[in-house]
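Chemist: based on what follows, work out the 3D shape:
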Amino acid sequence: MYGIPEQRSTGNPCGNGSSDVFRLCAIVALLVVTFSLFGRTFAFGGSHKVESWACYYGHEDRTERLSGFDLLVSAPGGQDPDPLRAKGVKVLAYVSLGEVAGNGQYYEEAKRLGLLVRHNENWDSWVVDVRRPEWSELLFTRIIPDALSTGYDGLFFDTLDSPIDMQRRDPDTYKGIERACVDLVRAIREKYPKKLLCQNRGFEIVRRTAPYLNYLLIEGLSSSMDLATSTRTDVSEADRNFLIAKAEAALKANPKLVVLSLDYVPVEDKQEIEKAYAFSRKLGFVPYVSTPALNEVFIHASGE
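Modeler: Predicted coordinates:
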């Protein structure tokens, strides 16, 4: 995922759950969907279904342009969520689960705790050892509470691909990374049973994390852009098929999951924008098209 100054992702590709049951909650007099996971029951009030969404990491006020979307992913401290929530927009705060930014507020503490395992030169960020209890403590006592402090509806998980890639590169040294990532997502659901949760990629674990999620984001479903040259290229058919298969596996594990797509296309390329929206919708996904910086809000005619 591009564009977060504090917690950046690599941007690289990346169930155990019982069936949903319904019960009437007399306290709030509304229908609540619940499901049981590993002996625990989680409740989600209201609907998480959306027909449109946007991703905006800028700090300028874009309330007017964003108010027409059903869902927004925002950088903590960026767009004020309150005016949007008043208009019925669900707003998720970005959280990096697998990296800390080299210039971010959590870097020094992560370094002091010995959590840094690999430097990501693309974003000047550091992959962390997610198996360590110190990382979980930092997430649950500082990073996540800080992200939610201004009234967001939920969390958007990024950078899970980074530690998972460490296990793929060196399975002996980093054995257990995938399991630790799944445990983190499950623990967040247990801690915040009514918050909306979205995972970006992390395809190696998505079948196992899907029961805890409301949304899954597929970044680069049909179109991508080179960061250095801003050149657009089609995602290959093989890569598309891989992404679709992973989304189908996630939906099998959690049929109520909403799949979002994010494609990168130059703003002037109307034809490719329309193609990206059409391809995503044909699959039953909810599309958004932007540029890699994610610092502006684009309202495309094909997205309406």
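Chemist: so how far is residue 78 from residue 214?
Modeler: If you measure residue 214 against residue 78 using Cβ to Cβ, to the nearest Å, the figure is 21 Å. Every residue, glycine included, has its C-beta placed from N, CA and C.
Chemist: give me the more crowded residue out of these two.
Modeler: Each of residue 214 and residue 78 had its neighbours counted (other Cβ atoms under 10 Å), and the higher figure belongs to residue 214 (24 against 21).
Chemist: so the more buried one sits right up against residue 250, yeah?
Modeler: No. Residue 214 is not in contact with residue 250 according to Cβ atoms under 8 Å; the separation is 11.7 Å.
Chemist: residue ranges with poor pLDDT in the chain?
Modeler: Scanning the chain for pLDDT under 70 picks out the ranges 1-46, 303-304.
Chemist: residue 182: which element?
Modeler: Secondary-structure assignment from DSSP states H and E places residue 182 in helix 177-191.
Chemist: that helix: which residues count as buried?
Modeler: 177-178, 180-186, 188-189 (16 or more other Cβ atoms under 10 Å).
Chemist: and it, what other elements does it pack with?
Modeler: Here helix 177-191 is seen to pack against strand 40-45, strand 154-158, helix 161-169, strand 196-200, helix 206-209 when contacts are counted using 3 or more Cβ pairs under 8 Å, 6 or more residues apart in numbering; DSSP states H and E.
Chemist: to residue 281, which of these lies closest?
Modeler: strand 196-200 (18.7 Å; Cβ to Cβ).
Chemist: hey, what's the angle from the closest one to helix 161-169? Just curious.
Modeler: Regarding strand 196-200 and helix 161-169, their directions subtend 50 degrees when assessed with axes from the mean of the first three to the mean of the last three Cα atoms, to 10 degrees.
Chemist: direction included, what does strand 196-200 pair against?
Modeler: When pairs are called by DSSP bridges, strand 196-200 turns out to pair with strand 154-158 (parallel), strand 215-219 (parallel).
Chemist: re earlier: just the helices and strands packed on helix 177-191: most buried one?
Modeler: Of these, the one with the most neighbours on average (mean count of other Cβ atoms under 10 Å) is strand 154-158, at a mean of 26.
Chemist: give me the angle between that strand and helix 177-191.
Modeler: Strand 154-158 and helix 177-191 meet at an angle of 170 degrees, taking the same axes, to 10 degrees as the criterion.
Chemist: can you give me the strands in the stretch 201-304 of the chain?
Modeler: 215-219, 223-225, 232-234, 258-264, 286-290 (DSSP state E, counting those that start in this stretch).
Chemist: out of these, which is closest to residue 160?
Modeler: Nearest to residue 160 among those is strand 215-219 (11.2 Å), distances taken as Cβ to Cβ.
Chemist: hang on, residue 146 packs against residue 95?
Modeler: No. Look at residue 146 against residue 95 with Cβ under 8 Å: they stay out of range, at 9.2 Å.
Chemist: now do the shared contacts for those two.
Modeler: Contact with both residue 146 and residue 95 is made by residues residue 76, according to Cβ atoms under 8 Å, 6 or more residues apart in numbering.
Chemist: tell me where the stretch 201-304 of the chain has helices.
Modeler: Remark: helices assigned in the stretch 201-304 of the chain by DSSP state H, counting those that start in this stretch are 206-209, 237-253, 270-282.
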